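Trainee: A predicted structure for the sequence below; I have some questions about it.
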Amino acid sequence: MKRLIFGITTLFIAVAFVVLAAPSVQAQSVELNVWTAFPELNDQVKWIAAKYMQKHPNVKIKPTLFPQRALEEKVAVALPAGQAADLIELDKMGLYPYYVSGFLEPLPDNVVAWMKQSYPDYAVTSVTADDGKIFTFPWLNSLKVMFYNKDHFKEAGITKTPETVQEMLEMGMKLTKRDAKGNLTRAGLDLRLSGGGFGTSQKYWCQAMIPYGAPVLEKVGNKWRAAYDNEAGYKALQFYVDAVHKHKVDSVAFKSDAEAFGLGMTSMFQREAWVVGYLAKNAPNINYSVFLMPRGPGGWGTVGNTMGLSVPKSCKHKKEAFDFAMFMMNDDMSRATFSDSGWQPFRKGVDYSELYKKRPALETFIKAAETPGHAVLDYENIAPIFEIHSRMADRLMAAFKRANLVDDPKGISKIVNAMAKESNNILDEYDLLAK
């Protein structure tokens, strides 16, 4: 009888425990929203999320795609209002001002420890704020190299890739084609002359300012000032103006970027690793390869701006959000992201040897960060950095249209001087201008 009573009591307790525990299990279900700015990355997040949800059935992950500019606008409204997604993918220069304003969660200590073991030092430095905390995951390294059409090079009798910016310009002239009326039919060198936003100034920085030795900003003490209102800065702009209006290797009105390259309308252009995936999908027959950005009289290097993944302060599931972000960056997911999307993960020590056999161009992107003497630059972690580069882009796009700047050094210097003054005025508004 005692055994029977004991058994019934035990059963009652077990049933009661299950009943009482049921609401708790239900409460543990988590929904994470992820905002992305590029179609191929949104597809990748969906694929990774499916893998993660298999291991964590209580977690539901919902990726949402926005055009880049639309996402920037949405974040500007939603993040301060506490209504942003649980994970936001944006360029770190666009994310940093929100961290300074207190809207982003710094990485917790355990995640920081993992990251410092798993990432190269320059990646950690690029996302370290002035307060010493890491404000975003350095998910992807948006490093730039030059793409070139091998058939165009062969047709023009060019047997090597350019090592200097001057060689690149000369080859671009040989590669350029026009019709009987003089209209451009093939751009020998796509210079990214339009498009708006900081992307235009970014390509200009990489293509001309780095090789001519003109930094965008320089640090003086704990403040900053424009560093390109000088001979190096004038030569950088003159290079672009001459290329377009004197040597005519490109035109503001001509189709550009990855689409034009995939259509065989351009012979050389500067872009990131995602183009490898784009070409595999959209132009599989294009015969191309890549080379490092050419050096110039003032320097050699590229821009490797960071695509970050940030968790807002308003996120209700920070632990799960950080855990999913770490999962997105493990070895298998890094290999899949590099292979499927073409975007270059920041992780170090990942074996990509099998991927290189299928897409050999990707190896150059990894080596670019390891080549001695070849600098990989990133944006400064200051609140107005996005505005500084966006305003530069507006002035540059106007200058690129001006054929009257050819052989006009005074006109060139006047534009650069005004652009630098605007950069300094923006710094001054944030009390960051070095006097």
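Mentor: That came in fine, so what should we check first?
Trainee: so where's this structure uncertain?
Mentor: Applying pLDDT under 70 to the chain flags residues 1-27, 196.
Trainee: longest strand of it?
Mentor: Scanning the chain for the longest strand, with DSSP state E as the assignment, gives strand 301-310.
Trainee: what pairs with that strand, and is each one parallel or antiparallel?
Mentor: Paired strands of strand 301-310, with direction, are strand 87-91 (antiparallel), strand 137-143 (antiparallel), strand 375-377 (parallel) (DSSP bridges).
Trainee: adding distance to Asn58 and mean neighbour count, write those strands out as a markdown table.
Mentor: (Each C-beta comes from the backbone N, C-alpha and C, glycine too.) As requested, these are exported to a markdown table (distance: least, Cβ to Cβ, whole Å; neighbours: other Cβ atoms under 10 Å):
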| stretch | distance to Asn58 | mean neighbour count |
| --- | --- | --- |
| strand 87-91 | 17 | 25 |
| strand 137-143 | 23 | 25 |
| strand 375-377 | 40 | 18 |
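Trainee: nearest to His245, of those?
Mentor: When those are compared by Cβ to Cβ, strand 375-377 sits nearest His245, at 28.0 Å.
Trainee: got the contact list for the closest one?
Mentor: Tyr122, Leu143, Ile210, Gly299, Trp300, Gly301, Thr302, Val303, Gly304, Ala368, Ala369 (Cβ atoms under 8 Å, 6 or more residues apart in numbering).
Trainee: check which element follows that strand along the chain.
Mentor: Note on strand 375-377: by DSSP states H and E, the next helix or strand toward the C-terminus is helix 385-400.
Trainee: which stretches in the stretch 201-350 of the chain count as strands?
Mentor: For the stretch 201-350 of the chain, the strands defined by DSSP state E, counting those that start in this stretch occupy 217-220, 223-226, 268-271, 288-291, 301-310.
Trainee: just to revisit the earlier point, closest one to Gln344 among the strands paired with strand 301-310?
Mentor: strand 137-143 (4.9 Å).
Trainee: most surrounded residue in the contacts of strand 375-377?
Mentor: Compared across the contacts of strand 375-377, Ile210 has the highest neighbour count, 27 neighbours, by other Cβ atoms under 10 Å.
Trainee: for Ala434, see how far away that residue is.
Mentor: Ile210 sits 22 Å away from Ala434, taking Cβ to Cβ, to the nearest Å as the criterion.
Trainee: next one: His152
Mentor: Distance from His152 to Ala434, by Cβ to Cβ: 46 Å.
Trainee: the more surrounded of those two?
Mentor: His152 (22 against 16).
Trainee: how about the secondary structure of that one?
Mentor: When classified by DSSP: H, G, I helix; E, B strand; the rest coil, His152 comes out as helix.
Trainee: and of the contacts of strand 375-377, the nearest to Val350?
Mentor: Lowest distance from Val350 to those (Cβ to Cβ) belongs to Ala369, with 12.6 Å.
Trainee: quick one: contacts for that closest one?
Mentor: Pro120, Tyr122, Asn141, Leu143, Gly304, Val376.
Trainee: need those in TSV with distance to Trp274, can you?
Mentor: As requested, these are exported to TSV (distance: Cβ to Cβ, whole Å):
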residue	distance to Trp274
Pro120	20
Tyr122	20
Asn141	11
Leu143	11
Gly304	14
Val376	17
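Trainee: which pair of the residues you listed spans the longest distance?
Mentor: Going by Cβ to Cβ, the pair spanning the contacts of Ala369 furthest: Pro120 and Leu143, at 11.9 Å.
Trainee: how long is stretch 176-187 from one end to the other?
Mentor: Using Cα to Cα, to the nearest Å, the end-to-end distance of stretch 176-187 comes out at 5 Å.
Trainee: buried residues in it?
Mentor: Residues of stretch 176-187 classed as buried by neighbour count (16 or more other Cβ atoms under 10 Å): Thr176, Leu184, Arg186, Ala187.
Trainee: quick one: the last one and Asp257 touch, right?
Mentor: This means Ala187. No: using Cβ atoms under 8 Å, Ala187 is not in contact with Asp257, being 10.8 Å away.
Trainee: find residues that contact each of these two.
Mentor: With Cβ under 8 Å, 6+ apart, Ala187 and Asp257 have no common neighbours.
Trainee: follow-up on the earlier one: how far is the longest strand of the chain from where the chain is centred?
Mentor: Remark: strand 301-310 is offset 5 Å from the chain centroid, using Cα atoms, centre = their mean, to the nearest Å.
Trainee: just stretch 93-105 next, same as before
Mentor: The answer for stretch 93-105 is 17 Å, by Cα atoms, centre = their mean.
Trainee: can you pull the domain assignment for this structure?
Mentor: Per the record, the chain has its domains at 31-143+305-366, 145-304+376-429, by automatic domain parsing.
Trainee: for the first one, measure first residue to last.
Mentor: End-to-end distance of domain 31-143+305-366: 35 Å, with Cα to Cα as the criterion.
Trainee: hey, what's the most centrally placed residue in the chain bridged with?
Mentor: The residue lying closest to the centre of the chain (Cα atoms, centre = their mean) is Ser142, at 3.7 Å. As for beta bridges, Ser142 partners with Asn305 under DSSP bridges.
Trainee: enumerate every residue touching it.
Mentor: Per Cβ under 8 Å, 6+ apart, neighbours of Ser142: Asp91, Glu272, Val303, Gly304, Asn305, Thr306, Met307, Trp343, Gln344.
Trainee: with respect to Gly411, which of these is nearest?
Mentor: Val303 (26.9 Å).
Trainee: doesn't Val145 make contact with the closest one?
Mentor: No: assessed by Cβ under 8 Å, Val303 is found out of contact with Val145, at 10.7 Å.
Trainee: what is in contact with those two at once?
Mentor: Joint contacts of Val303 and Val145 (Cβ under 8 Å, 6+ apart) do not exist.
Trainee: and for Gly199, the neighbour number?
Mentor: For Gly199, using other Cβ under 10 Å, the count is 18.
Trainee: tell me what whatever helix or strand it lives in is packed against?
Mentor: Gly199 belongs to helix 197-204 when assigned by DSSP H and E. When contacts are defined as 3 or more Cβ pairs under 8 Å, 6 or more residues apart in numbering; DSSP states H and E, helix 197-204 packs onto helix 385-400.
Trainee: contacts for the helix it packs on, please.
Mentor: Under Cβ under 8 Å, 6+ apart, the answer for helix 385-400 is 93-94, 96-97, 191, 193-194, 196-202, 204-205, 216-217, 237, 240-241, 244, 252, 379, 405, 415, 418-419, 422-423, 426-427.
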